[in-house]
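Engineer: turn this into a model:
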Amino acid sequence: MFFIFNMNNHHIELRHLRLLQAVAQTGGLTAAAERLHLTQSAVSHQLKALEEALGLPLVERAVRPLQFSAAGRRLLALAQAALPLADAALRDLAKLKDGDAGELRIAVECHTCYDWLMPAMDCYRDVWPGVELDLLGGFQADPVGLLLDGRADLVITSEAAPRPGIFHAPLFGFEMLALLPPAHPLAARKWLAPGDFAGHTLITYPVPEDRLDLIRRVLAPAGIRPPRREAQLTVAILQLVASRRGLAALPAWAVAPYLERGYVAARGIGKHGLWAELYAAVRETDAARAYVADFIETVKRDSFARLPGIRPAVSAA
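Structural biologist: Got it, this is the predicted structure:
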């Protein structure tokens, strides 16, 4: 347990500062609890206990969206200043204990992952210059199997099925959006049902159907098998959709710039949306290595800072 100062025999701890930071970043206690992988009651209890210890309210609960009080804003400023220093110090201690060099061969299952993974890797290189990063290219039929074969050290995957010797760390959840040409008749719908895809060509990456969430989780259970047209690049998929060659489904973060320009239109898939999750899979023997654990935390932190419309993923073992 780390604390930064004592006030009336009550510690202000790093976890308190991380809580305030999460509330500021997500805009509410429920989302902050998800970000921190805590229950909402636990987050509320921590916040209330800190307020009682300080004798000051930190948030204005009657206001929506949630806002910080003057005392809350002051502690948030402390969090923004102190947490990077604390994280850097803890990272340096880990380097002293475990060393500051290593190798991370990364396999990526998701075609669109490169859009957010590369900036995160740049951030990681700044603090772990001694770790050699290498991306394994090409489609892999069994990406997690690369870990067991010793051909990869970390895999970005959408599956977290239990597997002996493998640890899955949750990264984030994201929404898949149906993409259609501007002014398409389906654009009048609030969201698309499985039957709306019937009679349309589905434009996808060149991967098996059982690796496509739209087909595996939505269309196949409804007995709908649209013809497919494959494209290697995200921009090529979007160009085909804009040219009225078919429909597609891509992560919200991957298409946000194109939606802003009106290049294509997007709708949710199903009444509650089609959500998927990403995990970092590593060998259990490597999960505690400082440079591996910090890579995962860097990816999560950078992703939540950059990507629109993501949410915490469900924890996996």
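Engineer: below-threshold pLDDT in this protein: ranges please.
Structural biologist: 1-10, 138-139, 315-317 (pLDDT under 70).
Engineer: now the helices for it?
Structural biologist: Ranges of helices within the chain are 14-26, 29-36, 40-54, 70-98, 114-127, 145-148, 213, 234-242, 252-260, 290-306, based on DSSP state H.
Engineer: a markdown table for those helices, including mean neighbour count?
Structural biologist: C-betas here are computed from N, CA, C, even on glycine. Formatted as a markdown table, the helices of the chain follow (neighbours: other C-beta atoms under 10 Å):
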| stretch | mean neighbour count |
| --- | --- |
| helix 14-26 | 20 |
| helix 29-36 | 20 |
| helix 40-54 | 15 |
| helix 70-98 | 14 |
| helix 114-127 | 16 |
| helix 145-148 | 18 |
| helix 213 | 16 |
| helix 234-242 | 19 |
| helix 252-260 | 17 |
| helix 290-306 | 19 |
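Engineer: between those helices, which one is closest to residue 312.
Structural biologist: helix 29-36 (4.1 Å; C-beta to C-beta).
Engineer: give me the residues contacting the closest one.
Structural biologist: Under the contact criterion C-beta atoms under 8 Å, 6 or more residues apart in numbering, helix 29-36 has outside partners 18-19, 22-23, 25-26, 39-40, 42-44, 47, 66, 304, 311-312.
Engineer: again, 7 Å this time
Structural biologist: Applying C-beta atoms under 7 Å, 6 or more residues apart in numbering, the contact partners of helix 29-36 are 18-19, 22-23, 26, 39-40, 42-44, 66, 311-312.
Engineer: most widely separated two among these?
Structural biologist: Greatest spacing in the contacts of helix 29-36, by C-beta to C-beta: 44 and 311 (19.2 Å).
Engineer: re earlier: how about the contacts of helix 29-36 in a markdown table, adding distance to residue 229?
Structural biologist: What follows is those, written out as a markdown table (distance: C-beta to C-beta, whole Å):
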| residue | distance to residue 229 |
| --- | --- |
| 18 | 46 |
| 19 | 47 |
| 22 | 42 |
| 23 | 45 |
| 26 | 38 |
| 39 | 45 |
| 40 | 44 |
| 42 | 48 |
| 43 | 46 |
| 44 | 50 |
| 66 | 46 |
| 311 | 31 |
| 312 | 34 |
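Engineer: which one of these is nearest residue 125?
Structural biologist: For those, the minimum distance to residue 125 (C-beta to C-beta) is 24.3 Å, reached by residue 18.
Engineer: off-centre distance for stretch 194-211?
Structural biologist: Relative to its chain's centre, stretch 194-211 lies at 24 Å (C-alpha atoms, centre = their mean, to the nearest Å).
Engineer: chain neighbours aside, what residue packs nearest to residue 28?
Structural biologist: Of all residues not flanking residue 28 in the chain, residue 66 sits nearest, at 5.2 Å (C-beta to C-beta, 6 or more residues apart in numbering).
Engineer: same deal with residue 193?
Structural biologist: In this structure, residue 193 finds its nearest non-sequential neighbour in residue 270, 7.2 Å apart by C-beta to C-beta, 6+ apart.
Engineer: quick one: the one you found and residue 191 touch, right?
Structural biologist: Yes. Using C-beta atoms under 7 Å, residue 270 is in contact with residue 191, at 6.3 Å.
Engineer: sorry, back to before: can I get the helices of the chain in a markdown table including distance to residue 227?
Structural biologist: Shown next, in a markdown table, are those (distance: least, C-beta to C-beta, whole Å):
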| stretch | distance to residue 227 |
| --- | --- |
| helix 14-26 | 41 |
| helix 29-36 | 38 |
| helix 40-54 | 45 |
| helix 70-98 | 50 |
| helix 114-127 | 27 |
| helix 145-148 | 31 |
| helix 213 | 18 |
| helix 234-242 | 13 |
| helix 252-260 | 22 |
| helix 290-306 | 34 |
